[in-house]
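Trainee: sharing a model that was predicted from the sequence below.
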Amino acid sequence: MKKESNRLYGGIEAGGTKFVCVVGSSPDNITAQTQFPTTNPKETLSKAAAFFKKEMKKTPLEAIGIASFGPLDLNLKSKSYGCITTTPKADWADTNLVNTFRDVLGFPVFLDTDVNGAALGEQKWGAAQGLDTFIYLTVGTGIGGGGMANGKLMHGLTHPEMGHILVPHDIKKDPFKGSCPFHKDCLEGLASGMAMEKRWGKLPKDLPADHKAWELESDYLARGGDEPDIGAFPTKGNHRWWHYEKAGIAERSPQKSESSAQ
Ligand SMILES: [Zn+2]
């Protein structure tokens, strides 16, 4: 039996902007890597498959793990397991990532969300080493999260949409209505890169370090992490919040008083 360090695996970070493909056994042992822009599924997946086919001529791979943008169907009993589902990204809806690579390469293919893939990496090699229950949050164009509970990556009726929690929004201090197409002023609608760009008319990277945007941003992110119910999918109550219906669809909870944030 090969030592774990001698086994080589394929890895794909399937992002909405670019695909990164690697072969290796750990972050310290990457034997090959390539990346290319995400275009249409046929072109993008063909490039990824060609990379792995070439690498497999040098050395066999044990399996491939894919961490992808979504939403994804991760229900092993579902007919569409392995598919990207209802993404707004043109052409990618109903693309089956698992079947595509399994058919072309002929070995096990595993799929999870990009944020769960990152959470797993943090637990194995990064900031969450030694922990079996934690969440991983990423703040970029949107805000997303993955995580682990009792040693298992979080899965359920739907992906935990951690960016779409509601945070206190002082409309006098911040009259920006929010950029989320579903909820307007959820955490993502107020604090994502997209929200910053829409509020200030500039990309976050072009805002100077002393711009008031940063204080507001850190305030929202701190409040997002401070909400007592974060990740717990709360039920109806006095919180301005959502509850998750059985179908996994988020709805805003009834308000005791009409929000000033409308
Ligand atoms: Zn939202």
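Mentor: Cool, got the structure.

Trainee: so what touches the strand or helix carrying Thr44?
Mentor: Assigned by DSSP states H and E, Thr44 belongs to helix 41-58. Contact with helix 41-58 is made by 10, 12, 19, 21, 23, 31-32, 34, 36-38, 61, 64, 91-92, 95, 97, 100-101, 104-105, as judged by C-beta atoms under 8 Å, 6 or more residues apart in numbering. Yep, even glycine has a C-beta here, placed from its N, CA and C like the rest.

Trainee: take the residues you listed and keep only those in strands.
Mentor: Members of these lying in strands (criterion: DSSP state E): 10, 12, 19, 21, 23, 31-32, 34, 36-37, 64.

Trainee: low-confidence ranges in the protein?
Mentor: 1-5, 157-159, 225-262 (pLDDT under 70).

Trainee: spell out which parts of it neighbour the ion.
Mentor: 164, 180, 182-183, 186, 188 (C-beta under 5 Å from the ion).

Trainee: quick one on the thing from earlier: check which residues of the helix holding Thr44 are buried.
Mentor: Residues 41, 44-45, 47-49, 51-52, 55-56 are the ones in helix 41-58 that count as buried (16 or more other C-beta atoms under 10 Å).

Trainee: what ranges do the strands span in this structure?
Mentor: 9-14, 18-26, 29-37, 64-68, 109-113, 134-139, 143-149, 152-153, 242-244, 250-252.

Trainee: now the ones you listed in JSON lines, with mean neighbour count and distance to Arg223?
Mentor: Listed next are those as JSON lines, based on neighbours: other C-beta atoms under 10 Å; distance: least, C-beta to C-beta, whole Å:
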{"stretch": "strand 9-14", "mean neighbour count": "21", "distance to Arg223": "30"}
{"stretch": "strand 18-26", "mean neighbour count": "17", "distance to Arg223": "31"}
{"stretch": "strand 29-37", "mean neighbour count": "13", "distance to Arg223": "35"}
{"stretch": "strand 64-68", "mean neighbour count": "23", "distance to Arg223": "28"}
{"stretch": "strand 109-113", "mean neighbour count": "21", "distance to Arg223": "24"}
{"stretch": "strand 134-139", "mean neighbour count": "19", "distance to Arg223": "13"}
{"stretch": "strand 143-149", "mean neighbour count": "22", "distance to Arg223": "13"}
{"stretch": "strand 152-153", "mean neighbour count": "14", "distance to Arg223": "26"}
{"stretch": "strand 242-244", "mean neighbour count": "18", "distance to Arg223": "16"}
{"stretch": "strand 250-252", "mean neighbour count": "15", "distance to Arg223": "18"}
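
Trainee: domain ranges for this structure, per the record?
Mentor: 4-119, 162-252 (automatic domain parsing).

Trainee: ok, and for stretch 202-221, which residues are buried?
Mentor: 204, 207, 216-217, 219-221.

Trainee: and what of stretch 194-204?
Mentor: 194-197, 199-200, 204.

Trainee: which ones among the residues you listed lie within helices?
Mentor: 194-197, 199-200 (DSSP state H).

Trainee: nearest to Gly82 among those residues?
Mentor: Using C-beta to C-beta, Met194 comes nearest to Gly82 of these, at 28.3 Å.

Trainee: and the closest one, what does it touch?
Mentor: 141-142, 179, 188.

Trainee: how about a cut-off of 6 Å?
Mentor: Shown in contact with Met194 (C-beta atoms under 6 Å, 6 or more residues apart in numbering): 141, 179.

Trainee: distance of Met56 from the ion?
Mentor: Between Met56 and the ion the computed distance is 42 Å (C-beta to the ion, to the nearest Å).
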